[in-house]
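# Pasted the sequence and its predicted model underneath.
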Amino acid sequence: MTLVLYHHPLASFCHKVLIALYESGTPFEHRIVDLGNEVSRNELIRFWALGKIPLLRDEARDKTVPETSIIIEYIDRHYPGPQRLLPEEIDQALQVRLWDRFFDLYVQLPMQKIVADHMRPEGSKDPAGVTDSERNLQAAYDMIEAQLTGPWITGDAFTMADCSAAPALFYAVTLVAFGTERPKLNAYYERLLARPSFARVLQEAIPYFKFYPFHDRLAPEFRSGSPAA
């Protein structure tokens, strides 16, 4: 196939790009990366020395595209689907890019801090850092609640920002609840779960969720350990 995506089904940033690819309907080859396996890791490193996933290879254009937001903009430009993920109008595009960055920086990063700290051995944990991250998630939730005036984070259209929001919120809610005081955020999250592209990503990840350190906090349908029939 023209497009090859190097990724892992458990990784939230990989979910973001998978959602975009499923939204576009563009065929691509899955290349699951095991960073603990030297052969698998070396295949990735030969295209991107930092060895970070996800990574998109466009064999037809001989292009290597790293970084989630850049990958999605590349897909939207060269392999667009029926609905564009980034508006042509500049002010609207800037809003989408802003909220895309918001979810990556202010939801994903504190979420990852909490998860990483949970995996650290006793004596090397950072409880103050975890508390700060939990506080940052609460502040981010409040900003999302205030932002939501339509079905999606920047209005009526599903965009790159929603691709970013879905996996960030999926994992974040297992760590810090949204709370009943944020009804728009709760409703938005339910719409994200119902979006066919994200539902497909989650379905494909079910066999891997058992490796998530907070697996027991996932909704029951994601704790089965094998895809639903």
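That came through fine. Keep in mind that this is a model prediction, so the values were computed, not measured. Residues are numbered from 1 along each chain as shown.
# make it CA atoms for all contacts and neighbour counts henceforth
Will do.
# State the helix or strand in which residue 5 lies.
strand 3-7 (DSSP states H and E).
# Check residue 225 and give its pLDDT.
You'll see residue 225 listed with a pLDDT of 61.
# Could you look up the SS state of residue 118?
At residue 118, secondary structure determined by DSSP: H, G, I helix; E, B strand; the rest coil is helix.
# give me every residue that touches it.
The neighbours of residue 118, taking CA atoms under 8 Å, 6 or more residues apart in numbering as the test, are 125, 213.
# quick one: it and residue 187, what's the gap?
In this view, residue 118 and residue 187 are 29 Å apart by CA to CA, to the nearest Å.
# Following element in sequence after the longest helix anywhere in the chain, please.
Counting by DSSP state H, the longest helix found in the chain is helix 127-147. Elements were assigned by DSSP H and E; along the chain past helix 127-147, the next helix or strand is helix 160-172.
# Show me what that next one is packed up against.
helix 12-24, helix 90-103, helix 109-119, helix 183-194 (3 or more CA pairs under 8 Å, 6 or more residues apart in numbering; DSSP states H and E).
# what sits up against the least confident helix or strand in the chain by mean pLDDT?
Between all helices and strands in the chain, the lowest mean by mean pLDDT, DSSP states H and E belongs to helix 38-45, at a mean of 89. Helix 38-45 has contacts (CA under 8 Å, 6+ apart) with 6, 33, 34, 35, 51, 52.
# filter those residues to the buried ones?
By neighbour count, with 16 or more other CA atoms under 10 Å, the contacts of helix 38-45 hold 6, 33, 35, 51, 52 as buried.
# quick revisit: list the buried residues of the longest helix of the chain.
Result for helix 127-147 [16+ other CA under 10 Å]: buried residues 130, 133, 134, 136, 137, 138, 140, 141, 144, 145, 147.
# and which of those is nearest residue 178?
Taking CA to CA as the measure, residue 178 sits nearest to residue 141 out of the buried residues of helix 127-147, at 6.9 Å.
# Which residue is most remote from the mean position of this structure?
residue 123 (30.8 Å; CA atoms, centre = their mean).
# got the angle for the longest helix of the chain vs helix 90-103?
Using axes from the mean of the first three to the mean of the last three CA atoms, to 10 degrees, the inter-axis angle of helix 127-147 relative to helix 90-103 is 150 degrees.
# Could I get the CA-only coordinates of helix 127-147 as CSV?
The C-alpha trace of helix 127-147 is given here as CSV (Å, rounded to 0.1, in the frame of the first residue of the first chain):
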residue,chain,number,x,y,z
PRO,A,127,3.4,12.6,44.5
ALA,A,128,3.6,16.4,44.2
GLY,A,129,4.0,16.1,40.4
VAL,A,130,1.0,13.8,40.3
THR,A,131,-1.1,16.2,42.4
ASP,A,132,-0.1,19.0,40.0
SER,A,133,-1.1,16.9,37.0
GLU,A,134,-4.5,16.1,38.5
ARG,A,135,-5.1,19.8,39.2
ASN,A,136,-4.1,20.6,35.6
LEU,A,137,-6.6,18.0,34.3
GLN,A,138,-9.3,19.6,36.4
ALA,A,139,-8.5,23.0,34.9
ALA,A,140,-8.4,21.6,31.4
TYR,A,141,-11.8,20.0,31.9
ASP,A,142,-13.2,23.4,33.0
MET,A,143,-11.8,25.0,29.8
ILE,A,144,-13.3,22.3,27.6
GLU,A,145,-16.7,22.7,29.3
ALA,A,146,-16.6,26.4,28.6
GLN,A,147,-15.5,25.9,25.0
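# helices or strands next to that helix in the packing?
Using 3+ CA pairs under 8 Å, 6+ apart, helix 127-147 sits against helix 109-119, helix 183-194.
# Sounds good, over and out.
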